[in-house]
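Student: How does the following fold in three dimensions:
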Amino acid sequence: MIGLVLSMVRARPGQALTAFLLAMFAMAAAVSAPVYSATADRSVVRSEVAAAAPAERVVQARLTQPSPGDHDFENLVPQIFSGGGFASVFSAEYDLVINPNDPKISKIAPRFVYRDDVCAHLHFTAGRCFVSETEIVLSAAAVQQLGLHIGDTFEAAFAATDPQGADFVEAGPRVTLTLVGAFEPKNKSEQYWSDADYFNTRPTARLTTEPAFASRLTMEAFQHGPEKQALDVVIDGSAITRESLDGINASVQSGKDKLQALPGHAAVHTELPALLTRINGDRDLVAEVVPVAAVPLVLLCWFVLFIAVAAATQERRGELGLFSLRGVTTPRRWWLAAGESIVPILGGAVVGFVLGHYLVRLAAWVLLSSSGDVTLTAGLNWWSLAALGGALVAALLAQRAELAKRTVDLLRNVPSRVSRWGAPVFEVVVVVLAIVAVVQLRRGGGGLTGFALFAPSAIVIAVALVAARAVLPIAERAGRRAMRRGRIGPTLAAYALSRRPGTQRVLALFVVAIGLLVFASTAASASADARNRRARVELGASRVLSVEPMSRASLLARVRSIDPDGKFAMATVMLPVSEDTAVPPMMAVDSRALAATALWDDPKLPAGKAAELLRPDTGRETIEVDNKELSLDVTIDSLVDAFRVHWVAVVIPSDGSDPGEVDLGAVQTGRHTYTRNLPMCVNKCRLAALAMQQPEGRGFDVTMTLHSLSQHGAKVVDEEAFADTDGWRTPESPGPKLLVPTLTRAADGLRAEISGYKGADVAVRIMPTDAPSPLPVIMARTAGIGDHMTGLDATRQSITIAGEVDTVPKLAYGGGLVDMEYAERLATDGGDAEYPQIFLGPNAPPDILDKVRAAGLTVTGDRAVGPLREALEEQGPAVALRFHELAGALAVVLAIGALWLVAGLDRLRRAGELRALRAQGVARRDAGANGYLILVVTAAVLAPFAALASWLLVREYLPVFSDDPHGFQASYWPSPGPVAAAWAAAAIVLGGAAVVAGARLRAATTQRKGRGR
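Tutor: Numbering: from 1, shown residues only. Predicted structure coming up:
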């Protein structure tokens, strides 16, 4: 029997080759899903690791030793993280007082630090790195500050903080050190320095902003108190792979437990779990989304294989009839009929299994930024087994109709009748299944899981089947109309479309193939739009520089010095997080540069108009003072419980240097003039407030009248200006715990009064009204906010909503903007900026980084929209959607194969009748009319509607991001270009195949030589 089956295969190689190729395609399609998932799995792991923040690949342990001689932490930590992929950096530090050799030079108190391999991360402007005990290296600025030279010796001692103040004092015997090098850090923002904040530029009582480095033996040469020890374990990105995820996580958790068990209970922190959670989420999404495209592709393969085997079996009806006539038993007849298909199917499955792996490798090389080789065992799972089993079942079902016929029917050369009820029942079942899948998807709440996984493809298939059935009657009527008009070609084409067996199935196949590609392009385009929009909105500008913390006024002044006209650079800071959960995140921006820098996407409120709303003209200028004596003339009518209360002038330097609070003197009852110069105001200052302060912050009552404020013998603010109550304000009071003065007009100035302070805090601050209050804000429509927010100085600030937009740069759907200068004028602390950044517009010069550094700003981060968007493109959902497009393209290729198969069968069946028509005088063009091109055109018209129906029903459940998008999702209407291109490509390719197939069929009408034309 086996030999006979092989002989039958050799006798009909064309049919065997068709079954072989279709089985190979089906197996390759089935294998592609798990292989692509495994390949994409590797890719998303690598991409997420590459895009991870440095803190997500670091384990930090911090310990303050109670005893200088306790080295348990130091000795044990290298053993805990000693495996491959871990790089440990140990550090220890305490404070040091350095005594300069010149008594006229002030002492400095740097952080005295030992850090593993520190010399490799320092650039020495003079000298060398330390080698032996008592050698030390200082920053180039500290060397110049101390008046030292390389090779000089000096004395230093362990430092402690003076309990009576903030100064550092010697707390141990002195040790003589030798200066051997002057350094500058190579890169302050590199991961090696961790979060130790060694190079903080803010002035402190240390009188230096950089540490001193020495060997561990040098540090131990000092008699010192408790020291801080730290361990930073950096996990190499190449060590985190798909296979090592669990091992890395276990190693980190084990090391964390061991560190916390050490004496002193080290504080251990790592953000690695957040990275692993994100990676696993990506992997789950890939595994969830890829089968959505693979399932219909495999089903189409089975369907085409069914058509091919059924057609081949019909061609062998006479042979099967002879088998039955000669008494061959039914099992043997089944084996002889099925064996001719099963043998090539099995061979095609083996080749397709291997081919699928290499096709996916090629596709991954094109579609994925990073991918690794996947072994041939990756596709050896239930997918491949299901594909092979389905192909065999399809082949057996395709032969059932012929093998079940009587012998006499098999021997008659009459085409089989199409079942009148089988096809409609099948279509009804498919439609019902599609409805069930959609209902489970939309009401189940589980996303694309379970039977809902088939929803996108089931909708396309159901719409295709219904549309194909609806088209056939239309084709029938068109054929009759063409016949009445005597148009032979259109008549034959229309009847071929409406009456030919299997035409409806072929049309549905074409609709499904084009529809799947259009759906995939729609999903990919809409998702790409969402990713692009998210990258633009969340970054806020085409390029954003993060800088080291400094005062807000300094940041604003320095950025304006880089771009005085606001054409390409804008300073931004975040406002403090409010304790009121109803207040969303807020960002302060230099609104004069908003239109030139921010990526603004709201068409209803342009950026230029938003800037005008944020910065209305107040009609009042700021009060400016210089460094000369400032005199405040005020009358204190009464004071209650005002012990050691002083007048303080709060000034903000215009040059961006640190703000100051200048003590004008102790408060006295009666009329007095309080005078003091303002040393920090060499380049002018803005007067932020006149305040009365009690050192311990205790409350008191006061009644007073402010008369004038003078400088250079001239009044900066006279009695009339003080009497204008609209020009002065007090801090906003959120309740009885904070009392502020009541301001009223007096004949000789401004009267301020606080009474009944008992049990309440007081804030005696008189501030000029040089900014609008309530402060205008631009809010995201869905953010939600009341009538106040937290100001830059962490106090309550009334606001008014000046405008609303869909999304706010950087804060997206959940935040708002205020003008930075106005918000700063309303603040009185002159404090440091939170998350200071510089938004750069498209007009930023190429040397912008040099300009930023020249302005005294230290860049700690540089991000652009392009890399951020590329990082989003490598997340699991985006990677999975690329497989959808690949599967759609393969479906079109499969449709071309089906068209070629149908055309070949038509050529065999209709050659005789077409030649007869030609013999009767029918033109060759009319005789060869086949309807293939009409079939493709009809499918091209119907397919977008099938894809649109599927997209609108499943859009919101198709994942776009691996994390919480906070409002970003795929839009209903994606960019039309990619979708139209995919649709046109499929239609043109299929149309070209239809033209070629029609030409081959017309060639069959050519009569033999000597007969006719």
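Student: So Y813 is in contact with G967, correct?
Tutor: Yes. The pair Y813 / G967 is scored as a contact, 3.6 Å apart, by CB atoms under 8 Å. Heads up, the C-betas are built off the backbone N, CA and C, glycines and all.
Student: Now do the shared contacts for those two.
Tutor: Common contact partners of Y813 and G967 (CB atoms under 8 Å, 6 or more residues apart in numbering): T782, T807.
Student: so where's the stretch 851-1000 of the chain uncertain?
Tutor: Along the stretch 851-1000 of the chain, segments meeting pLDDT under 70 span 905-931.
Student: what are the ranges of the strands in it?
Tutor: Using DSSP state E, counting those that start in this stretch, the strands of the stretch 851-1000 of the chain run over 859-864.
Student: Please say which of Y813 and G967 ends up with more neighbours.
Tutor: The neighbour comparison of Y813 against G967 (other CB atoms under 10 Å) goes to Y813, with 18 against 14.
Student: What is the neighbour count of V428?
Tutor: 13.
Student: Could you measure from it over to E612?
Tutor: The gap separating V428 from E612 is 62 Å, by CB to CB, to the nearest Å.
Student: ok, now A464?
Tutor: The gap separating A464 from E612 is 54 Å, by CB to CB.
Student: who's more crowded, those two?
Tutor: Neighbour comparison, A464 and E612: the larger count goes to A464, with 27 against 17 (by other CB under 10 Å).
Student: Which residues are in contact with L933?
Tutor: Counting by CB under 8 Å, 6+ apart, L933 has contacts G991, A994, V995, G998.
Student: do the same with V995
Tutor: Y932, L933.
Student: make it 10 Å
Tutor: V995 makes contact with Y932, L933, V936, according to CB atoms under 10 Å, 6 or more residues apart in numbering.
Student: Kindly indicate which of these lies nearest Y198.
Tutor: Distance to Y198, by CB to CB, is smallest for V936 among the contacts of V995, at 69.2 Å.
Student: right, and the closest one touches A993 too?
Tutor: Yes. Here V936 reaches A993: they are 7.9 Å apart, a contact under CB atoms under 10 Å.
Student: Comparing these two, which shows the higher neighbour count?
Tutor: Taking neighbours as other CB under 10 Å, V936 and A993 compare with V936 leading, 27 against 22.
Student: From A997, how far off is the more buried one?
Tutor: Relative to A997, and taking CB to CB, V936 is found at 10 Å.
Student: Between those two, which contacts overlap?
Tutor: In contact with both V936 and A997: I896, L899, using CB under 10 Å, 6+ apart.
Student: Only the buried residues of stretch 845-855, if you could.
Tutor: Residues I848, V852, A855 are the ones in stretch 845-855 that count as buried (16 or more other CB atoms under 10 Å).
Student: so which of these comes closest to R825?
Tutor: A855 (22.1 Å).
Student: close enough to count as contact, the closest one and L545?
Tutor: No. Using CB under 10 Å, A855 is not in contact with L545; the gap is 11.4 Å.
Student: list the residues that contact both of these two?
Tutor: What both A855 and L545 touch, as defined by CB under 10 Å, 6+ apart, is the set V559, A569, I838.
Student: and the last one, how many neighbours does it have?
Tutor: What it means is I838. Using other CB under 10 Å, I838 has 30 other residues around it.
Student: quick one: what helix or strand has it in it?
Tutor: strand 834-840 (DSSP states H and E).
Student: Can I get that strand in PDB? Just the C-alpha atoms.
Tutor: Taking C-alpha atoms only, strand 834-840 is exported to PDB below (Å, rounded to 0.1, in the frame of the first residue of the first chain):
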ATOM      1  CA  GLU A 834      12.900  71.000  42.300                       C
ATOM      2  CA  TYR A 835      13.800  68.900  39.200                       C
ATOM      3  CA  PRO A 836      15.300  71.900  37.300                       C
ATOM      4  CA  GLN A 837      15.300  71.400  33.500                       C
ATOM      5  CA  ILE A 838      15.900  73.400  30.400                       C
ATOM      6  CA  PHE A 839      13.500  72.900  27.500                       C
ATOM      7  CA  LEU A 840      15.200  73.400  24.100                       C
END
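Student: And it, what's buried?
Tutor: P836, Q837, I838, F839, L840.
Student: OK, contacts around the fourth one?
Tutor: Yep, that's F839 we're talking about. 539-545, 559, 568-572, 589-590, 593-594, 596-599, 809-810.
Student: With the second one instead?
Tutor: By CB under 10 Å, 6+ apart, the contact set of Q837 is 539-541, 544-547, 555, 559, 570-574, 587, 589, 810, 860-861, 863.
Student: So which of the residues you listed belong to strands?
Tutor: Residues of those located in strands (DSSP state E): 544-547, 570-574, 587, 589, 860-861, 863.
Student: which one among the residues you listed gets closest to Y94?
Tutor: Nearest member of the ones in strands among the contacts of Q837 to Y94, counting by CB to CB, is T860, at 26.1 Å.
Student: burial of the nearest residue to that closest one once chain neighbours are set aside, as a residue count?
Tutor: Spatially, and ignoring its direct neighbours in sequence, T860 is nearest to S189 (4.4 Å; CB to CB, 6 or more residues apart in numbering). Look at S189: counted by other CB under 10 Å, it has 16 neighbours.
Student: Let's verify S189: helix, strand, or coil?
Tutor: Classification of S189 using DSSP: H, G, I helix; E, B strand; the rest coil returns coil.
Student: thought it was touching D197?
Tutor: No. Checked against CB under 10 Å, the pair S189 and D197 is beyond contact range at 11.6 Å.
Student: Show me the common contact partners of those two, please.
Tutor: Here S189 and D197 share the contacting residues E548, scored by CB under 10 Å, 6+ apart.
Student: hang on, the earlier thing: out of the shared contacts of A855 and L545, who's nearest H646?
Tutor: For those, the closest approach to H646 (CB to CB) belongs to V559, at 34.5 Å.
Student: Which residues are in contact with the closest one?
Tutor: 545, 547, 566, 569-572, 590, 593, 656, 820, 836-839, 852, 855, 857.
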